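1. build me a structure from this.
(chains A, B, C and D)
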There are 2 protein chains.
Amino acid sequence: MTEPRWLNADERRAWLALLSINTMLPAALDTQLHAAGKVSLFDYNVMAMLSEAEGRFLPMSELAARTSSSLSRLSHVVTKLEKRGWLERRPHPGDARVTTAHLADAGMATLVALAPGHVEAVRVKFLDALTERDVADLARIGEKIVARLDDDHWILRES
Amino acid sequence: MTEPRWLNADERRAWLALLSINTMLPAALDTQLHAAGKVSLFDYNVMAMLSEAEGRFLPMSELAARTSSSLSRLSHVVTKLEKRGWLERRPHPGDARVTTAHLADAGMATLVALAPGHVEAVRVKFLDALTERDVADLARIGEKIVARLDDDHWILRES
DNA sequence: GTGCGTCAGTTGAACTCTCAACCACCTGCA
DNA sequence: TGCAGGTGGTTGAGAGTTCAACTGACGCAC
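-> Below you'll find the model as predicted:
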């Protein structure tokens, strides 16, 4: 039971800033998306990830990985989005354990309608505060943190 | 209605990384705190902010500002923590609209017991992935983002 | 081919958060 | 002095999230 290493000034600043961003940034983006189309940031992301996948579908577990969420959370949300006609669940032909989530045309249309406003909000609330250099640094540092939290996270697969 | 400015490669990397950190980091710290003492990261932070305040109390609105939360969310949580005997609400002598939240001795004891494990988790899950330089960069960039989201956020008051 | 451990996903209950409505009090101003 | 508007805070309902328990299906071992 050794004395814990408390945080130094920069560590504390970095941690407090991250903590604040963590609550304020999703809140701001949620507000914009909810006003524009009664959609949460998480809902949006689920659909965005599907829209970028080949064939616009993914197994539930892969979709959970790409949204950094639990399967349980995803399952509840997919049920909700399915009721709105934006998504569809289908059994996987090769493995009966697997369910795939497909982005329906109505979901794609919603996404297309929402995307410009959302991207603009991401810029206004976040990216516009930074220089090009900052953005590159943040990408690098952010990916280090992601790697620490999950060493084979999908966002590390490409780059 | 001009064409939206889509994200370039670094912007996309930075945004996706931040989004992932945003869901995974609180989840990891919540898990540790919940295992150690049935406390959420937000609960912990509420008590930590009070412990650092002079006299170990703050008006609800100031506490909300320091935890980047809504007054409503804070009020519910304070009610919960009050039931556990860790906090106490008191009326403000000078202004009857104001309620102050006081950290009780039992709350302070809980915090002291939890702090070493929590700080260690912050290091393991996050800071240890970074160099000194990274931490300084992140602090600087993070504070820029915070400023963009709330230009007189309390963490900007000191530095 | 039967049995056992694991994997993919779902569900319901308990808990948390958000949103809007509300109350009490303070402030300024006529 | 009295009332209009703003501030600080609480509450309840509804939406969302987590956790643990559960179902089926795969796959390998014998």
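
2. now do the SS call for A:Trp6.
-> Classification of A:Trp6 using DSSP: H, G, I helix; E, B strand; the rest coil returns coil.

3. any idea how far it lies from B:Pro116?
-> In this structure, A:Trp6 and B:Pro116 are separated by 9 Å, where distance is defined by CB to CB, to the nearest Å. Heads up, the C-betas are built off the backbone N, CA and C, glycines and all.

4. of these two, which one has the most company?
-> B:Pro116 (16 against 10; other CB atoms under 10 Å in any protein chain shown).

5. point to the helix or strand of chain A where mean pLDDT is at its lowest.
-> helix A:155-158 (a mean of 82; mean pLDDT, DSSP states H and E).

6. residues from chain A in reach of DNA strand D?
-> A:40, A:42, A:69-70, A:72-73, A:76-77, A:80, A:95-97 (CB under 7 Å from any atom of the strand).

7. residue ranges of the helices in chain A, please?
-> Counting by DSSP state H, residue ranges of the helices within chain A are A:9-37, A:41-52, A:60-66, A:71-83, A:105-125, A:132-149, A:155-158.

8. between these, which one is nearest to B:Val146?
-> Checking the helices of chain A against B:Val146 by CB to CB gives helix A:9-37 as the closest, at 5.1 Å.

9. wait, which of the helices of chain A is closest to B:Arg123?
-> That would be helix A:9-37 among the helices of chain A, by CB to CB, at 8.4 Å.

10. so where is chain A shaky, pLDDT-wise?
-> For chain A, the stretches flagged by pLDDT under 70 are A:1-3, A:158-159.

11. how about the residues of it by DNA strand C?
-> Residues of chain A lying close to DNA strand C (CB under 7 Å from any atom of the strand) are A:27, A:30-31, A:34, A:59-62, A:64, A:71-72, A:74-76, A:78-79, A:89, A:92, A:95, A:97-100.

12. out of the residues you listed, which are buried?
-> Among these, the ones that count as buried by 16 or more other CB atoms under 10 Å in any protein chain shown are A:30, A:59-60, A:62, A:64, A:74-75, A:78, A:99-100.
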